[in-house]
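K.L.:
Sequence and predicted structure below; questions after.
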Amino acid sequence: MSRGEDTRAALSRRGKDTQSGAAPALAASIDRLRAARPELAAWPAEQRLDALCAVLELWRPSDSPYRKELEEKLPRESGFHPETVRAGLELGLSHWSGDALRAVVAGELGFGATAPPAYPRRGATACGFPLTSVLLAGSIPMPTLLSLLLPLVLGSPVLAKPASRDPVTADLVAASLAEIDPLLGRCVALNTFSHDDEAAAALFFASECVVATGSDETLARVATRVAPPQRLVAYGHRLSLAVVSGAAMRGDALRETAAGLATDIALWDQLGCLSPLVVFVEGEHAGAALADELARALAAAGRRWPRGDLSTAAAAQIRSERSEAEMRRAAGRALRVHACEELGWTVVLEDDASQRPAPLHRFVRVSPVSSRAELLCALQPLAPHLAGVALAGFGGETRELSRALLDLGASRVCAPGRLQAPPLGWHHDGQPLLLPLARLGDYEID
């Protein structure tokens, strides 16, 4: 067995408990992490950052053994098709380099790259908490990778509960940390426990800093367990969409936009916060052309990256929403439904911008808006949960509209085809990456 394989095997065993034994094993993990913390904190910050940048570089090559192992195992656990996982990782990790992490650290903490520091100012310090608990969620790997690395940048050990839909990524990230430096490996512990295991939950949420990702309901429950002086960093339910100017959607521009949107929708089967659920088309009669082209693009994307497994409930919801749209069309509404027989994808051309259910799994609505005012009115109810917006066809108006969307609540505006490739430093939920995880202090002694 190679060194990397031996490390992964050991880490896979460590902290993986039966439900009945979760609390004692969790307590042992906490003891190990707190014992390792002084050594991690004493490690010079620049050298610690060098090691973490090296971890990212391990994941970047398409032939990375960690990438290969994830591509093999994640489809079995998550239901994604292997080609979808492969393409999603290739696009998502394309710019997640060591240099990108250095730029984030330089911008937020003031060291690690040649960029001028934005923080801390002279006389200020930033350091991590004694222990950071990370509650992971979802089945897309990149957030897990980043969530485990960021507290370590600040010198804080990480106690993580892997997502039930992705028990693979956290193990592989922990193994890659240990490969770069054994101390990094000792400063990450992975523990699973049942949601109704009160003893284990009490231990997990007692850390000085808690990072939680999940539904709004999950975060509300977590918030009842975390109180000052603890720090809670929460990432809740988010959704994305696209806005297209029909006036500019002709010929090659129409095909390019539809192909980009199909990539955004198909990768990760529309299950992530950066997957667009609806495409708003500004301009009279423009929606039909885009819906037709988007259907062709999704069919082509499905041949490259087949849709993954569907639960019975998800399949039923897709059929229900297709039938509901067909009934409205039969009643005289100006709707159109493009659909793959195998439930591989669905495009519904709507006749207004009303909010309707989003079944996910490559189900998208194309909704017309007659004016900018109607667009912003349609987006207003979505503002509290808005993450990314793919924007196309607005020419000289692009900057002005981007600012309006960011002011509305979006944290990222990009071109179609780039939603699933956020930069490492993207301000998820409108927050910095590192500063929410840091204890900040000022000293005034000369």
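P.N.:
Done, it's in.

K.L.:
quick one: buried residues of the longest helix anywhere in the chain?
P.N.:
If each helix of the chain is counted by residues according to DSSP state H, the longest one is helix 22-42. Along helix 22-42, these residues count as buried under the neighbour rule (16 or more other Cβ atoms under 10 Å): 22-23, 25-26, 29-30, 32-33, 36-37, 40-41. Just so you know, the C-beta spots here come from the backbone N, C-alpha and C atoms, and that holds for glycine as well.

K.L.:
Just the C-alphas of it, formatted as PDB.
P.N.:
Extracted C-alpha coordinates of helix 22-42, given in PDB (Å, rounded to 0.1, in the frame of the first residue of the first chain):
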ATOM      1  CA  ALA A  22     -20.600   8.800  18.400                       C
ATOM      2  CA  ALA A  23     -20.200  10.900  21.500                       C
ATOM      3  CA  PRO A  24     -17.200   9.200  23.000                       C
ATOM      4  CA  ALA A  25     -15.400   9.100  19.700                       C
ATOM      5  CA  LEU A  26     -16.300  12.800  19.100                       C
ATOM      6  CA  ALA A  27     -14.900  13.700  22.500                       C
ATOM      7  CA  ALA A  28     -11.700  11.900  21.700                       C
ATOM      8  CA  SER A  29     -11.400  13.800  18.400                       C
ATOM      9  CA  ILE A  30     -11.900  17.100  20.100                       C
ATOM     10  CA  ASP A  31      -9.100  16.200  22.600                       C
ATOM     11  CA  ARG A  32      -6.700  15.300  19.800                       C
ATOM     12  CA  LEU A  33      -7.500  18.600  17.900                       C
ATOM     13  CA  ARG A  34      -7.100  20.800  21.000                       C
ATOM     14  CA  ALA A  35      -3.800  19.000  21.800                       C
ATOM     15  CA  ALA A  36      -2.500  19.700  18.300                       C
ATOM     16  CA  ARG A  37      -3.700  23.300  18.200                       C
ATOM     17  CA  PRO A  38      -0.700  25.000  19.900                       C
ATOM     18  CA  GLU A  39       1.700  23.500  17.300                       C
ATOM     19  CA  LEU A  40      -0.600  24.600  14.400                       C
ATOM     20  CA  ALA A  41      -0.800  28.100  15.800                       C
ATOM     21  CA  ALA A  42       3.000  28.300  16.400                       C
END
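
K.L.:
helices or strands up against that helix?
P.N.:
Identification of packing neighbours for helix 22-42 by 3 or more Cβ pairs under 8 Å, 6 or more residues apart in numbering; DSSP states H and E yields strand 158-161, helix 182-186, strand 188-190, helix 198-204.

K.L.:
Take these and write them to JSON lines, including mean pLDDT, mean neighbour count and distance to Arg333.
P.N.:
As requested, the helices and strands packed on helix 22-42 are exported to JSON lines (pLDDT from 0 to 100; neighbours: other Cβ atoms under 10 Å; distance: least, Cβ to Cβ, whole Å):
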{"stretch": "strand 158-161", "mean pLDDT": "98", "mean neighbour count": "26", "distance to Arg333": "46"}
{"stretch": "helix 182-186", "mean pLDDT": "98", "mean neighbour count": "18", "distance to Arg333": "58"}
{"stretch": "strand 188-190", "mean pLDDT": "98", "mean neighbour count": "25", "distance to Arg333": "51"}
{"stretch": "helix 198-204", "mean pLDDT": "97", "mean neighbour count": "18", "distance to Arg333": "48"}
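
K.L.:
re the thing from before, tell me the mean pLDDT for the longest helix of the chain?
P.N.:
Mean pLDDT, taken over the full extent of helix 22-42, equals 97.

K.L.:
same thing with stretch 411-419?
P.N.:
For stretch 411-419, mean pLDDT is 97.

K.L.:
Give me the neighbour count for Pro229.
P.N.:
Pro229: 7 surrounding residues under other Cβ atoms under 10 Å.

K.L.:
if I look at Ala27, how far off is Leu343?
P.N.:
Computed as Cβ to Cβ, to the nearest Å, the Ala27 to Leu343 distance reads 46 Å.

K.L.:
Sorry, wrong one. I was asking about Ala23.
P.N.:
Look at Ala23 and Leu343: by Cβ to Cβ, they are 42 Å apart.

K.L.:
cool, and His285?
P.N.:
29 Å.

K.L.:
more neighbours, these two?
P.N.:
Taking other Cβ under 10 Å, His285 and Leu343 do not tie; Leu343 has more neighbours (18 against 9).

K.L.:
Just the pLDDT at the nearest residue to the more buried one once chain neighbours are set aside, thanks.
P.N.:
Residue nearest to Leu343 in three dimensions, not counting chain neighbours: Ile318, with 5.4 Å by Cβ to Cβ, 6 or more residues apart in numbering. Confidence per residue is given as pLDDT, and for Ile318 that number is 98.

K.L.:
Please name the residues that touch Ser139.
P.N.:
74, 77-80, 163, 165-166, 268, 271 (Cβ atoms under 8 Å, 6 or more residues apart in numbering).

K.L.:
Try it again at 6 Å.
P.N.:
The contact partners of Ser139, by Cβ atoms under 6 Å, 6 or more residues apart in numbering, come to 78, 165-166.
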